[in-house]
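J.: what's the 3D shape of this:
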Amino acid sequence: MSTNITTGIMDSQTTMRTVMISVCSAVSVGALLGVSAGLLALEFDVLRVWFGAKTVNLPMTAGAGAIMALFQSGIWALAFIYPSAIEDSRVRALEAEKLREEAAKLRASAELGHLRSQLEPHFLLNTLNLIAGLVTQNPREARRLLACLGDLLSDALRDADELQTLDQEVVWLQRYAEILESRHRPLLRFQWDIAEDARQVLLPRLLLQPLVENAVKHGALARPSGGHVQLCVRTEAARLVCVVEDDGPGMAHKPARDGSLGLKMVRRRLELRYADASVSFESSPAGTKAIVDLPAALAEGGSSVMRMARVANG
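T.: Numbering: from 1, shown residues only. Modelled structure (predicted):
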């Protein structure tokens, strides 16, 4: 970016130097013509008609030179300098827009990193609290789940990329669900309905984890008898649609769960990554659905059926 700015400054200085030389040249030519005409009028009576006077003296000659200089510089400006100034202004506007876009990308990248750094400690704290409840009740199971948590953290921190395939996300979530089911057995059950042609679609890492956590805490476990959480994923017209559904009591008398940190991060990560992605909620006494809709961008080696669907819709 600094190189672009330096280049822009040098181009601006070159343009200003060219304009100044052009203006000085136009003024000099105009003044020379005016003075020459005045000097010639001193010798030739026929040229005095141009001055509108019977006699011509040196002050009139100087005035004619000044008038011709202004006239010539005006013509020069209209013919050469004005178009050049317009083009220079257009180039400057394009450069400024490019710099704004680069700055916006840098801000978005920094915010994505910040959101992810918030999400991982948030998940870690909640999961450790779950395992802590098993330490005295079932130490062997607590040790097993701690090993499982180690695998989860290893997977989460192994790759710094912001995106991962849905298949990788689902495998991670199934390990996470194993911890939750063990902690709340027999009150909690998970179901998985993942379309095969959606498994190689890319999405932000751990995007669905806060939605699953939310469905467990405020949905399935909100009923005394427990409940289940289902993740259903489909591709529809080159888009990925992920539905996290629970059979809890719903949110009929208050807004769907928009206030938690995890849900705010899901919405903000989608806003930063995609122009046309969304997360919405449908709630009733029979349960709540969290619906994530985003473009179905395939990882390399994805299914040819999905790739052709993307080309047809692109």
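
J.: surely Glu162 meets Leu202?
T.: No: Glu162 lies out of contact with Leu202 (Cβ atoms under 8 Å); the separation is 9.5 Å. The C-beta positions use only the backbone N, C-alpha and C, and glycine is treated the same way.

J.: of the two, who's got more company?
T.: It is Leu202, of Glu162 and Leu202, that has more neighbours when counted by other Cβ atoms under 10 Å, with 22 against 18.

J.: what is the more buried one paired to in the beta sheet?
T.: Leu202 forms beta bridges with Thr165, as assigned by DSSP bridges.

J.: tell me the domain boundaries of this structure?
T.: According to automatic domain parsing, the chain comprises the domains 2-103, 133-313.

J.: lowest mean pLDDT across these, which one is that?
T.: When these are compared on mean pLDDT, domain 2-103 scores lowest, with a mean of 63.

J.: can you map out the strands along the stretch 151-300 of the chain?
T.: 163-165, 188-194, 202-204, 227-235, 239-246, 278-284, 287-295 (DSSP state E, counting those that start in this stretch).

J.: Ala147: which of these is closest?
T.: Smallest distance to Ala147 across those (Cβ to Cβ): 19.8 Å, for strand 188-194.

J.: Phe190: neighbouring residues, count only.
T.: Using other Cβ under 10 Å, Phe190 has 19 other residues around it.

J.: just Leu99 next, same as before
T.: Neighbourhood size, Leu99 [other Cβ under 10 Å]: 14.

J.: equivalent analysis for the one 5 residues further on, please.
T.: Around Ala104 there are 11 other residues, counting by other Cβ under 10 Å.

J.: what does the one 3 residues further on give?
T.: A count of nearby residues for Arg107, using other Cβ under 10 Å, gives 11.

J.: let me know the helix or strand that it is in.
T.: Element membership for Arg107 (DSSP states H and E) is helix 82-132.

J.: swap in Ala147?
T.: In this structure, Ala147 sits in helix 139-158 according to DSSP H and E.

J.: tell me what that helix is packed against?
T.: On a contact count with 3 or more Cβ pairs under 8 Å, 6 or more residues apart in numbering; DSSP states H and E, helix 139-158 meets helix 82-132, helix 166-184.

J.: go through the last one and flag the buried ones.
T.: By 16 or more other Cβ atoms under 10 Å, the buried positions in helix 166-184 come out as 166, 168-170, 172-173, 176-177, 179-184.

J.: closest to Leu207 among those?
T.: Distance to Leu207 across these (Cβ to Cβ) is lowest for Glu169, with 7.2 Å.

J.: quick check: the gap between Leu149 and Arg205.
T.: 17 Å (Cβ to Cβ, to the nearest Å).

J.: more crowded one of these two?
T.: Arg205 (22 against 19).

J.: hmm, Leu208 is touching Val244, no?
T.: Yes: if you go by Cβ under 8 Å, Leu208 and Val244 touch, sitting 6.4 Å apart.

J.: quickly list what's touching both of the two.
T.: The contact sets of Leu208 and Val244 overlap at Leu231, Val292 (Cβ atoms under 8 Å, 6 or more residues apart in numbering).

J.: these two: which is more packed in?
T.: Neighbours were counted for Leu208 and for Val244 using other Cβ under 10 Å; Val244 has more, 27 against 24.

J.: touching, Phe281 and Gly287? I think so.
T.: No: checked against Cβ under 8 Å, the pair Phe281 and Gly287 is beyond contact range at 11.1 Å.

J.: next, count neighbours for Arg267.
T.: For Arg267, the neighbour count with other Cβ under 10 Å is 15.

J.: how about Arg90?
T.: 10.

J.: try Lys98
T.: There are 12 residues near Lys98, going by other Cβ under 10 Å.

J.: likewise Leu146?
T.: 15.

J.: how much space between it and Phe281?
T.: For Leu146, the distance to Phe281 equals 33 Å [Cβ to Cβ].

J.: ditto for Cys148
T.: 30 Å.

J.: just Asp197 next, same as before
T.: Using Cβ to Cβ, Asp197 is found at 26 Å from Phe281.

J.: how about Val135?
T.: Here the criterion is Cβ to Cβ. By it, Val135 lies 35 Å from Phe281.
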